[in-house]
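1. attaching a predicted model along with its sequence, questions to come.
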4 protein chains.
Amino acid sequence: MTRCIDACLSCYKTCTSMAMNHCLEMGCKHVEPKHFSLMMACAEMCRTSAHFMLIGTPHHKHTCRKCAEICAECAADCERVGNMDECVVTCRACAESCRKMAA
Amino acid sequence: MTRCIDACLSCYKTCTSMAMNHCLEMGCKHVEPKHFSLMMACAEMCRTSAHFMLIGTPHHKHTCRKCAEICAECAADCERVGNMDECVVTCRACAESCRKMAA
Amino acid sequence: MTRCIDACLSCYKTCTSMAMNHCLEMGCKHVEPKHFSLMMACAEMCRTSAHFMLIGTPHHKHTCRKCAEICAECAADCERVGNMDECVVTCRACAESCRKMAA
Amino acid sequence: MTRCIDACLSCYKTCTSMAMNHCLEMGCKHVEPKHFSLMMACAEMCRTSAHFMLIGTPHHKHTCRKCAEICAECAADCERVGNMDECVVTCRACAESCRKMAA
């Protein structure tokens, strides 16, 4: 579980930082509402999933399942937008880790 | 949706405040790990569901569905513990509002 | 204190929702890094100040003082950008309420 | 700055997890309102300071300064309560890192 908490916080860091620095600098496709709000939803879901694991509630299985879905969708959208390789890799790693935790 | 955001933030306020003030003062059953961590999970899920609605992501349907479940469970546990009427009422109202939003 | 908690959560709602919906739709000056990151900082500071008041820690005085500063700055920047009247009003009301709480 | 973000998230993880698992299990002094709410305030302040650094706002200097204060206070209180060595060490490391960032 420690590894999944770290994967979630790592993904939260990457999504927040890339959205607020890289995407706002790049503009255009990077600040389309669909892409940008998905980045923010992914960051928030990762932060929440980590929190659920930390407070020791059995509900973390459900937040991890949802987190895996949003991370996979965010990775795909970052690929479509382009120039978001770090985010693609981190989101995929978090999706993989959350999927196992939710199983 | 505005009404559901307010129901979630109201439930977040009540759960956080009652856990950190009322429950810690009362001690005993009120600080049992099972009860206390459920209160904190409920507060966090409400805060996150409100956030998902505010950022305008379609994923809010899933966070609202999960929020309704946790709120219902929290209301039942607050009834079992006793002296938590305000929390029971607020959690039930939020569960009801989130269930509609998730439909 | 209840009133200040509500002012903070109201400002958190307005800043988050306007940034993620109105500003992303409008583009241009509304998504300049300086303006957008100030909106997000204001939303987060309001959420945190409300949380500090809810958990009953005396440190809330300091978070409220900082919150008042950021809200005042956010209100001024929303005026500069234009078409952000709701945000200007809500940030000013929150700044006023937090200033009293910090005194 | 990357190092300070990691110190804050590490301290957030330790405080949240120890409060919600270790302290609730131990009971007695570990769930005194003064101690427990300080642990939760420390966790929230660390989470917020990390967030301010990630979104790239110059206000992070002020949240880091406040974070250093709360972490130092939390470390001292964990020492007083006893059996909280991991929390003492992590809070001190975070206080040190935040103090440098705020300078």
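-> Good, I have the coordinates.
2. how about residues contacting the lowest-mean-pLDDT helix or strand in chain A?
-> Counting by mean pLDDT, DSSP states H and E, chain A has its least confident helix or strand at helix A:24-26, which shows a mean of 95. Residues from elsewhere that reach helix A:24-26, judged by CB atoms under 8 Å, 6 or more residues apart in numbering or on different chains: A:30-31, A:83, C:31-33, C:36-37. (C-beta placed from N, C-alpha, C; glycine too.)
3. could you export the residues you listed as JSON lines, including secondary structure, neighbour count and pLDDT?
-> Below are the contacts of helix A:24-26 laid out as JSON lines (DSSP: H, G, I helix; E, B strand; the rest coil; neighbours: other CB atoms under 10 Å in any protein chain shown; pLDDT from 0 to 100):
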{"residue": "A:His30", "secondary structure": "helix", "neighbour count": "21", "pLDDT": "96"}
{"residue": "A:Val31", "secondary structure": "helix", "neighbour count": "20", "pLDDT": "96"}
{"residue": "A:Asn83", "secondary structure": "coil", "neighbour count": "13", "pLDDT": "95"}
{"residue": "C:Val31", "secondary structure": "helix", "neighbour count": "19", "pLDDT": "96"}
{"residue": "C:Glu32", "secondary structure": "coil", "neighbour count": "16", "pLDDT": "95"}
{"residue": "C:Pro33", "secondary structure": "helix", "neighbour count": "16", "pLDDT": "95"}
{"residue": "C:Phe36", "secondary structure": "helix", "neighbour count": "25", "pLDDT": "97"}
{"residue": "C:Ser37", "secondary structure": "helix", "neighbour count": "20", "pLDDT": "97"}
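4. ok, which of the residues you listed also contact chain D?
-> On the criterion CB under 8 Å from any CB of the partner chain, C:33, C:37 are the entries of these that sit beside chain D.
5. ok, A:Cys4 - contacts?
-> A:Cys4 makes contact with A:49, A:53, A:64, A:97-98, A:100-101, according to CB under 8 Å, 6+ apart.
6. make it 7 Å
-> A:53, A:64, A:97-98, A:101 (CB atoms under 7 Å, 6 or more residues apart in numbering or on different chains).
7. can I get the helix or strand hosting it as PDB, trimmed to CA atoms?
-> Element membership for A:Cys4 (DSSP states H and E) is helix A:2-17. Provided in PDB are the C-alpha atoms of helix A:2-17 (Å, rounded to 0.1, in the frame of the first residue of the first chain):
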ATOM      1  CA  THR A   2       2.900   2.300   0.700                       C
ATOM      2  CA  ARG A   3       3.900   2.100  -2.900                       C
ATOM      3  CA  CYS A   4       0.400   3.000  -4.100                       C
ATOM      4  CA  ILE A   5       0.300   6.000  -1.800                       C
ATOM      5  CA  ASP A   6       3.600   7.200  -3.300                       C
ATOM      6  CA  ALA A   7       2.400   6.500  -6.900                       C
ATOM      7  CA  CYS A   8      -0.700   8.600  -6.200                       C
ATOM      8  CA  LEU A   9       1.200  11.500  -4.600                       C
ATOM      9  CA  SER A  10       3.700  11.400  -7.400                       C
ATOM     10  CA  CYS A  11       0.900  11.600 -10.000                       C
ATOM     11  CA  TYR A  12      -0.800  14.400  -8.000                       C
ATOM     12  CA  LYS A  13       2.500  16.400  -8.100                       C
ATOM     13  CA  THR A  14       3.100  15.900 -11.800                       C
ATOM     14  CA  CYS A  15      -0.500  16.700 -12.900                       C
ATOM     15  CA  THR A  16      -0.700  19.800 -10.700                       C
ATOM     16  CA  SER A  17       2.700  21.100 -11.600                       C
END
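8. test my guess that A:Met20 contacts C:Leu38.
-> No. Using CB atoms under 7 Å, A:Met20 is not in contact with C:Leu38; the gap is 11.0 Å.
9. ok, back up a step: closest to D:Cys74 among the contacts of A:Cys4?
-> Among the contacts of A:Cys4, A:Met53 lies closest to D:Cys74 (CB to CB), at 21.3 Å.
10. what sits against that closest one?
-> So A:Met53 contacts A:1, A:4-5, A:60 (CB under 7 Å, 6+ apart).
11. quick one: which of the residues you listed has the most company?
-> A:His60 (25 neighbours; other CB atoms under 10 Å in any protein chain shown).
12. now the angle from the strand or helix carrying A:Lys100 to helix A:2-17?
-> Using DSSP H and E, A:Lys100 falls within helix A:85-102. Angle of helix A:85-102 versus helix A:2-17, following axes from the mean of the first three to the mean of the last three CA atoms, to 10 degrees, is 150 degrees.
13. what number of residues are in the vicinity of A:His22?
-> Using other CB under 10 Å, A:His22 has 16 other residues around it.
14. chain C versus that one, what's the distance?
-> A:His22 sits at a distance of 10 Å from chain C (criterion: CB to the nearest CB, to the nearest Å).
15. next one: phi and psi at that residue?
-> Main-chain dihedrals, A:His22, degrees, to the nearest 10: phi -60, psi -60.
16. and A:Met1, what is it in contact with?
-> A:53, A:101.
17. what's the neighbour count on A:Ala102?
-> Counted with other CB under 10 Å, A:Ala102 comes out at 18.
18. isn't it right next to A:Lys61, touching?
-> Yes. Using CB under 7 Å, A:Ala102 makes contact with A:Lys61 at a distance of 5.2 Å.
19. up against chain B, what does chain A have?
-> A:37-38, A:40-41, A:44, A:48, A:51-52, A:55-57, A:59, A:62, A:66, A:70 (CB under 7 Å from any CB of the partner chain).
20. chain D contacts on chain A?
-> Proximity of chain A to chain D, by CB under 7 Å from any CB, involves residues A:5, A:9, A:13, A:16-17, A:20-21, A:51, A:54-56.
21. narrow those residues to just the buried residues.
-> Neighbour counting with 16 or more other CB atoms under 10 Å in any protein chain shown marks A:5, A:9, A:13, A:16-17, A:20, A:51, A:54-56 as buried within the residues of chain A next to chain D.
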